[in-house]
Each structure stands twice: as C-alpha cells, then as structure tokens.
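K.L.:
this one's structure only:
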C-alpha cells in the first residue's frame, strides 16, 4: 500500500503546473524552471539559476529537430517550418493552420489573429519578411523591427542602411504600433509599495477590506470573472462595489484566469470585455490595468499590441512575491517565511531608491487574517508608502470612454495623513524588465491548466485517500 501511495504522490507532484524541480517534476509547454522551483517565461525563470533538467533555459540551445517531428520530446522545427497539432514539421496549411504549435515553429496568422512566433538563440529565425524583437518574438511593427531587433534571426529596420527595400516589412502585413502599453515591475518613484491582490473576488474579501480600512491602506485588486467566485453573484457584487467605494483600484485578471498568449484575438477580446462589462455595470468603470495569469506573456510585444488596442495602459507584474499562495493557511510557516525571506531582502533595500509591487492572493485566509497585520506596519517602519497602481505607474487605472489613453492626475492613496497629487508622466516603467530575483509565480499551483488535468488530479487524490 505504501508503494502505491508513493506512486500517487509522485503523480500528483508532477502535475502541479506552477512548481518544478526535485519533488515536483519538469515544467511543460516550453517553460523555464527558476532556481526557486517555479515555472515561467521571464528572465527571473529562464536566466541565472534556471534549472535546465526541469525545463528550458536561456543558455540552453535547443537544436531544430532532424526527425521531421516536433513538440514536446522532439524540439523545434527548422526555421520557416510549422509544427502541426500532431507534431510534424511542414509548410502546408495542415501544418501551419488550426492547431499549429506556436512554441515549436512558425504558424500562419501571426498578426492579430494568432500570438506566437518565437525567435532567437533557441527558437531560430523568423519567417521571411518578419523581424525578431529584442525579447525574441517575430513581428512587423517598430517594436519588433526597431531598437534591439536581432538581425541574425530576421530583418530589421536599419534606416541608415542603403538597402532599405530589403529591411522594410511587406506592406500587406499589420503594423500594430504600440502607443502606451507597458509591462510594470516596479513603481516609477522610490519609497512606494503597491499592495496588490489577485484571483478574487472571494469570501475572505470583506474581512480583508475591514483590515485595510482599519490600517488606512488602499490596495489594487486584480479580479477574475469566473474562477473562485461567480462574479455575477450578489456576494461578488457587494464585494466589488465596496472595493470601489472605499477607494481601492480594480484591475483585470481576465475572465477565466487563462493564459492569454495561446489565444487568438477574438478569445483575448472576450476574456477582457466580458469582465469589463460586469464591472461597468457594478461600478461604472472599465479597468485599464491587467495582471497576466501565471505571468505568461510578460514582455510579449504582440500581446501588448492587442491589449493596447483594447484600451489597456499596462500589465502590472511584480518584483516581490509574498508567497502567501504557497503557505495556504499555515500561519506559522507563512510568518516565518516572511521574516526570513522578505525581511532580509527588504532590510538591505534602500527606500530612497527602491520601490515595490507586491503580489498577494485574497483567496488565501492567511493573507487576510494574519500576514497583513504584520506586513503593513513593518513596511511602514521601513519608510515605504502604500500606493495603488495608478499612483505607482502614473497612469489612469480606468479606461476613459472614447479615449482610454488619456492620462489623469492621480491622487496618492496611502496610509499617511498627507495625501498629495502627482501629474501623469510619460515614464511608464521598463518594457521587458523581469523584476528582481524574487519574481515568482505561485498562482498556478492551485489551478490546473485544463479540465482534464483537474479531473486527473481529483481522481488521484481519491485513490490516495482510499488506500
């Protein structure tokens, strides 16, 4: 029986999508395993300390497949080839159309209708007529073909070159110029601490709002439409209206908490607008900030094009993860972790030059009932000011009717008795900045990537407890 339990435990740990490494298994879907044991795609996962035995890494050169096969276990197709849904390289519509695997080769419709097309050292060259951006994505706008464009993996816009005709993308391809959208990993001014929550609304939120009110702290909530609570319920409506009434900011975490990078334009639009419509009905506003589920898409140029066109100012990532989603109610462990992990990091940081965006989950009781009661006074004692994401970025938190890109004067929401006003500025953060070492994603540890995976886990748990 113990032997069977061991097998079941091994299977369970291998299916936890957000964790990786010894005891957890490998990352799937071409993700990197960070030195802290989390799967992701940003430099914090794929760079220094990345564990190549449990996923891909920036320094790991993935050679194109030579067997005609592609996908997991086989690798990428040669440059210019598509990887079909059945795992074969080719150039026909059957290879490059429906079901084409963007992580292992080129796919048709790499404009607004399909996101993908990686390039660079371990992805290969872009198809003819496309540029490879400094972040390793194929496209045709200035974000791909301008500063940082990788000439070894595609064409680039070298206006000073005499051969301008060979470096200009075909006129029939979409340009998708990005105006404002940025990826934020820290606040624009020092001494700021943006307290953010995601995955709600949830029934812990009323207690959490009581605590924030008592501490005179404003936060930013990135909510889902249908994840832990049905947003159309009266309870969810009451929570969201109270968040807004008490001066907190509400952002989008998508409707169903899904990976946007692997969706086409219509599905991305649905994920964003379906949530917007409910919020418009509840609070009369549509969010202009989004937090990407599972951190997938951080720095992705084409995704930023699409979200920009949908009226969004930026994706709010983070550079501090409180790891509350990992402790899952173990108060002693949570507070011990905070003291040893965050405490050491913060005490060496200089508030006069540092700012932070902190990731928390309002679906965890440990966050609402215990952690924040210690974290809030501790952060204040270090000299940081609690701010909402509009103050952190200098951008409007909500779309402004027909012109969602109008920057507003934003007012400090903080715990001090000296509220001040800052003018919106053209300093939006750094695109592609993957934050400090502590840029981890634990949210995926409580949500499976598909219904099938969820059912498998449920069945395995049932077997385990029956043994």
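P.N.:
Nice, I can see it. Keep in mind the model is a prediction, meaning the values are calculated, not measured.
K.L.:
ok, residue 288 touching residue 308?
P.N.:
No: in this structure, residue 288 is not within contact of residue 308 by Cβ atoms under 8 Å, at 10.4 Å. All C-beta spots, glycine's among them, are computed from the backbone N, C-alpha and C.
K.L.:
For these two, work out which one has more neighbours and name it.
P.N.:
Using other Cβ atoms under 10 Å as the criterion, residue 288 and residue 308 rank with residue 288 on top: 28 against 20.
K.L.:
Tell me who's in contact with residue 388.
P.N.:
Under the criterion of Cβ atoms under 8 Å, 6 or more residues apart in numbering, the neighbours of residue 388 are 194, 218, 219, 220, 248, 249, 397, 413.
K.L.:
From residue 302, how far out is it?
P.N.:
Residue 388 is 28 Å from residue 302, where distance means Cβ to Cβ, to the nearest Å.
K.L.:
ok so, going back, now the contacts of residue 388 as CSV including distance to residue 156, neighbour count and secondary structure?
P.N.:
As requested, those are exported to CSV (distance: Cβ to Cβ, whole Å; neighbours: other Cβ atoms under 10 Å; DSSP: H, G, I helix; E, B strand; the rest coil):
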residue, distance to residue 156, neighbour count, secondary structure
194, 36, 30, strand
218, 44, 22, coil
219, 42, 25, coil
220, 37, 27, strand
248, 44, 22, coil
249, 39, 28, strand
397, 36, 23, coil
413, 43, 23, coil
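K.L.:
quick one: which of those residues is nearest residue 153?
P.N.:
Of all the contacts of residue 388, the one sitting nearest residue 153 is residue 194; the distance, using Cβ to Cβ, is 35.5 Å.
K.L.:
Excluding sequence neighbours, find me the nearest residue to residue 253.
P.N.:
What sits nearest to residue 253 in space, not counting adjacent residues and going by Cβ to Cβ, 6 or more residues apart in numbering, is residue 222, at 4.0 Å.
K.L.:
got the contact list for that neighbour?
P.N.:
Residues touching residue 222, when contacts are defined by Cβ under 8 Å, 6+ apart, comprise 196, 197, 198, 199, 251, 252, 253, 289, 290, 291, 316.
K.L.:
Tell me if it really is in a strand.
P.N.:
Yes: per DSSP: H, G, I helix; E, B strand; the rest coil, residue 222 lies within a strand segment.
K.L.:
Against residue 347, how distant is it?
P.N.:
Between residue 222 and residue 347 the computed distance is 28 Å (Cβ to Cβ).
K.L.:
so how many other residues sit close to residue 230?
P.N.:
Applying other Cβ under 10 Å, we find 12 other residues in the vicinity of residue 230.
K.L.:
shaky segments in the stretch 51-200 of the chain?
P.N.:
In the predicted model of the stretch 51-200 of the chain, residues 58-67, 73, 78-81, 91-92, 103, 106, 108-118, 121-124, 158-179 satisfy pLDDT under 70.
K.L.:
Same question for the stretch 201-350 of the chain.
P.N.:
Within the stretch 201-350 of the chain, the stretches falling below the threshold (pLDDT under 70) are 325-345.
K.L.:
Tell me where the stretch 301-450 of the chain has strands.
P.N.:
Shown for the stretch 301-450 of the chain, the strands assigned by DSSP state E, counting those that start in this stretch span residues 314-316, 320-321, 356-361, 385-387, 410-411, 421-422.
K.L.:
can you give me the strands for the stretch 151-300 of the chain?
P.N.:
If you assign secondary structure with DSSP E, counting those that start in this stretch, the strands in the stretch 151-300 of the chain sit at 182-184, 192-198, 220-223, 249-252, 289-290.
K.L.:
Turn the ones you listed into TSV, including distance to residue 48.
P.N.:
Supplementary listing: the strands of the stretch 151-300 of the chain in TSV, determined by distance: least, Cβ to Cβ, whole Å:
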stretch	distance to residue 48
strand 182-184	20
strand 192-198	25
strand 220-223	28
strand 249-252	30
strand 289-290	28
